[in-house]
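Student: sequence and predicted model, in that order:
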Amino acid sequence: MYKIVLLRHGESVWNRDNIFAGWTDVPLSERGVEQAKEAGRVLQENGFAFDLAFVSALQRATDTLEIILKEMGSSDVVIVESSLCLNERNYGALQGVNKKEAVEKFGEDQVQKWRRGYNECPPDGESLADVVERVTPYWQEKIIPAISQGKKVLVVAHGNSLRALVKIIDQLSAEAVESLNIPTGIPLVYEFNDNLQPLKHYYLADDIEVEKAIAKNKIIC
């Protein structure tokens, strides 16, 4: 049996302030730093150790990974590969815009379509379908070979790039992935059989904690 851990970065300052971040490089909030530390502690307490970590090129993800590895005492033993392929969805003209202000300008229905619709593109930005298109070859050419070689893999990325990964792994429909929310800072574990078919997945947190985090993410995603 093989395992992989997916983790959405800790809360960023723009998550906190309800601003579209996308490809804008913003740091973690104080809460985000604590989420990363807690993720490291939880992973260690549950017996996880890693050989290889894949991470996006954005600061909030790379800082989250650095904090986790430091908390686990494994900063010097884990190989880290950074890639733009794992970056958050590019929100184009919405980047840097407060989400409430976006609703006032464009209307709630339109903003919701841009945020959750599979094929909907914000002005000058990417759709989730575009993110799936760039994440798929990275999964096939980088991550899958590492898992098949028996490496213990951690992926630290973003709400939408991880939604794309989950869609690929679980072969979700476009409709199913539209309602998928992944909370910040809570490790999501996938287990695979010898043929690298997913057996099950679960968060390293109790159901109530995950539900609360997802409810918050429906606002800040």
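Tutor: That came through, no problem. Computed from a predicted model, the values in this text were never measured in an experiment. Numbering: from 1, shown residues only.
Student: name the residues of the helix ranked longest in the chain that are buried.
Tutor: Counting residues, the longest helix found in the chain (DSSP state H) is helix 30-45. Residues of helix 30-45 classed as buried by neighbour count (16 or more other CB atoms under 10 Å): 31-33, 35-40, 42-43. Yep, even glycine has a C-beta here, placed from its N, CA and C like the rest.
Student: what's it packed up against?
Tutor: Packing partners of helix 30-45 (3 or more CB pairs under 8 Å, 6 or more residues apart in numbering; DSSP states H and E): helix 13-16, helix 59-72.
Student: deepest of those, which one?
Tutor: Ranked by mean neighbour count under mean count of other CB atoms under 10 Å, the helices and strands packed on helix 30-45 are led by helix 59-72, which reaches a mean of 22.
Student: quick one: that one to helix 30-45, angle?
Tutor: 40 degrees (axes from the mean of the first three to the mean of the last three CA atoms, to 10 degrees).
Student: quick one: strands adjacent to the helix or strand that helix 59-72 is followed by?
Tutor: Counting by DSSP states H and E, the next helix or strand C-terminal to helix 59-72 is strand 79-83. Strands adjacent to strand 79-83 in the sheet, as given by DSSP bridges, are strand 52-56 (parallel).
Student: so Ala21 touches Arg89, yeah?
Tutor: No: the criterion here is CB atoms under 8 Å, and Ala21 misses it with Arg89 at 9.7 Å.
Student: so those two - more neighbours on which side?
Tutor: Arg89 (26 against 23; other CB atoms under 10 Å).
Student: for the closest residue to the more buried one other than its chain neighbours, which residues are in contact?
Tutor: The shortest distance from Arg89 to any non-neighbouring residue, by CB to CB, 6 or more residues apart in numbering, is to Asn160 (3.9 Å). Contacts for Asn160 (CB atoms under 8 Å, 6 or more residues apart in numbering) come out as 88-89, 128, 131.
Student: cool, and Val42?
Tutor: 187, 204-205.
Student: so what's the residue count around Asp76?
Tutor: The burial count for Asp76: 6, using other CB under 10 Å.
Student: do the same with Asn18
Tutor: Neighbour number of Asn18 under other CB under 10 Å is 14.
Student: ok, now Ile144?
Tutor: 18.
Student: would you confirm that it contacts Leu196?
Tutor: Yes: look at Ile144 against Leu196 with CB under 8 Å: they come within range, at 6.5 Å.
Student: pLDDT below threshold where in the protein?
Tutor: 206-221 (pLDDT under 70).
Student: try 50
Tutor: Low-confidence segments of the chain, defined by pLDDT under 50: 219-221.
Student: quick revisit: would you turn the helices and strands packed on helix 30-45 into a markdown table with distance to Trp139?
Tutor: Listed next are the helices and strands packed on helix 30-45 as a markdown table, based on distance: least, CB to CB, whole Å:
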| stretch | distance to Trp139 |
| --- | --- |
| helix 13-16 | 25 |
| helix 59-72 | 16 |
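Student: for the buried residues of helix 30-45, which one is nearest Glu11?
Tutor: Distances from Glu11 to these, taken as CB to CB, are shortest for Gly32 (3.8 Å).
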